[in-house]
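> coords below, sequence missing:
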């Protein structure tokens, strides 16, 4: 009963609050810039939507993890960038408008890509009737309810009640950070007897996924001629995944209903605070000296 209450009520509610906070910092202008100068957005989305899942599948092809953990890594790679990436982009003096826009747009796109990517991962690693397929339509609707609708409400409040939105933005962001930490700790403590073995088994694969996406995101952006600031933004956006969403999908009784699959996203979500902090320490001094360029 307690487990059901956490996964079916508090976890989706917490995720909705996080996404509401992101909506409070977005305007329609952030989306209009996509059409005005789409290069950085398209490169960022390519890294996020295409390259990241490919890295996840490739790592799990060569890494002999138990099937549930392999699917957890793939699920994580299929998720959009997390709102935490916006915080790291801000701290790293990156292009926060680009970061927020990428998070919002990838959150929309991955609503439709997650079911197919995860189901393929389930088939590869948990075949022969050993898994419950992720229901496509239900998954799309459920992710939409806990991500896109709160973002839309946040944007509406910002457009209609700017003073209220401005006052609420900081408290909601702080609350979101606290909520993320509580959810991650809750997911781990819920299965605390397996925490150390889980870290031993999934820590290095999760860290490898995180490090590769941070480095590759930056490299791809530089190859395509983006500025250091934009490249650093895409690096952070690709390397800081929405582990909260991955945990929600894995643990939900109406979706995967498999807490073991939630372990790698929970472990990753702890490690990304460390690697994100290192990225901020590297990027911030250089970005401080770099001229700001719009999209």
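Received it, and whenever you're ready, just let me know what you need. Predicted, not measured: the structure shown is a model, and the values here were computed from it.
> now do the helices in the stretch 1-150 of the chain.
2-5, 11-23, 28-36, 39-45, 52-62, 67-78, 83-91, 96-125, 136-143, 149-160 (DSSP state H, counting those that start in this stretch).
> could you dump the ones you listed into JSON lines with mean neighbour count added?
All C-beta atoms are positioned from the backbone trio N, CA, C, and that covers glycine. Formatted as JSON lines, the helices of the stretch 1-150 of the chain follow (neighbours: other C-beta atoms under 10 Å):
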{"stretch": "helix 2-5", "mean neighbour count": "10"}
{"stretch": "helix 11-23", "mean neighbour count": "22"}
{"stretch": "helix 28-36", "mean neighbour count": "13"}
{"stretch": "helix 39-45", "mean neighbour count": "21"}
{"stretch": "helix 52-62", "mean neighbour count": "18"}
{"stretch": "helix 67-78", "mean neighbour count": "26"}
{"stretch": "helix 83-91", "mean neighbour count": "24"}
{"stretch": "helix 96-125", "mean neighbour count": "21"}
{"stretch": "helix 136-143", "mean neighbour count": "16"}
{"stretch": "helix 149-160", "mean neighbour count": "17"}
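> among the ones you listed, which comes closest to residue 212?
Nearest of those to residue 212, taken as C-beta to C-beta: helix 52-62 at 5.6 Å.
> about what we covered before: format the helices of the stretch 1-150 of the chain as TSV; extra columns: distance to residue 273 and mean pLDDT.
Converted to TSV, the helices of the stretch 1-150 of the chain look like this (distance: least, C-beta to C-beta, whole Å; pLDDT from 0 to 100):
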stretch	distance to residue 273	mean pLDDT
helix 2-5	25	49
helix 11-23	15	73
helix 28-36	26	69
helix 39-45	21	91
helix 52-62	19	94
helix 67-78	15	92
helix 83-91	8	80
helix 96-125	17	86
helix 136-143	24	76
helix 149-160	23	82
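> the residue nearest the centre of the chain and residue 229: what is the separation?
For the chain, residue 242 is the residue whose C-alpha lies nearest the centre (C-alpha atoms, centre = their mean; 2.1 Å). Distance of residue 242 to residue 229, computed by C-beta to C-beta, to the nearest Å: 23 Å.
> to residue 199, which of the helices of the stretch 1-150 of the chain lies closest?
The stretch from these with the least distance to residue 199 (C-beta to C-beta) is helix 67-78; that distance is 11.4 Å.
> quick one, the closest one and helix 96-125 angle?
150 degrees (axes from the mean of the first three to the mean of the last three C-alpha atoms, to 10 degrees).
> from the middle of its chain, how far away would helix 67-78 be?
Centroid separation for helix 67-78 versus its chain: 13 Å, with C-alpha atoms, centre = their mean, to the nearest Å.
> let me see the residues that make contact with that helix.
For helix 67-78, the external contacting residues (C-beta atoms under 8 Å, 6 or more residues apart in numbering) are 52-53, 55-57, 59-60, 63, 65, 110, 113-114, 117-118, 121-122, 124-126, 130-131, 201-202, 205-206, 209, 241, 243, 246, 249-250, 256, 258, 260-265, 268.
> cool, and stretch 141-153?
With C-beta under 8 Å, 6+ apart as the criterion, stretch 141-153 contacts 12, 15-17, 19-20, 22-23, 26, 104, 107-108, 110-111, 114, 245, 248-249, 252, 254-255.
> and that stretch, how far apart are its ends?
The first and last residues of stretch 141-153 sit 17 Å apart, counting by C-alpha to C-alpha, to the nearest Å.
> what count of nearby residues applies to the residue lying closest to residue 288 once chain neighbours are set aside?
Leaving aside its chain neighbours, residue 288 sits nearest to residue 93 (5.5 Å; criterion: C-beta to C-beta, 6 or more residues apart in numbering). Using other C-beta atoms under 10 Å, residue 93 has 20 other residues around it.
> give me phi/psi at residue 93?
Main-chain dihedrals, residue 93, degrees, to the nearest 10: phi 60, psi 40.
> wait, doesn't it sit right on residue 283?
Yes. Using C-beta atoms under 8 Å, residue 93 is in contact with residue 283, at 7.1 Å.
> among the helices of the stretch 1-150 of the chain, which is nearest residue 234?
Taking C-beta to C-beta, helix 39-45 is the member of the helices of the stretch 1-150 of the chain nearest to residue 234, at 4.5 Å.
> burial count for the spatially closest residue to residue 84 that is not a sequence neighbour?
With sequence-adjacent residues excluded and distances taken as C-beta to C-beta, 6+ apart, residue 84 is closest to residue 240, at 5.4 Å. By other C-beta under 10 Å, the residues close to residue 240 number 29.
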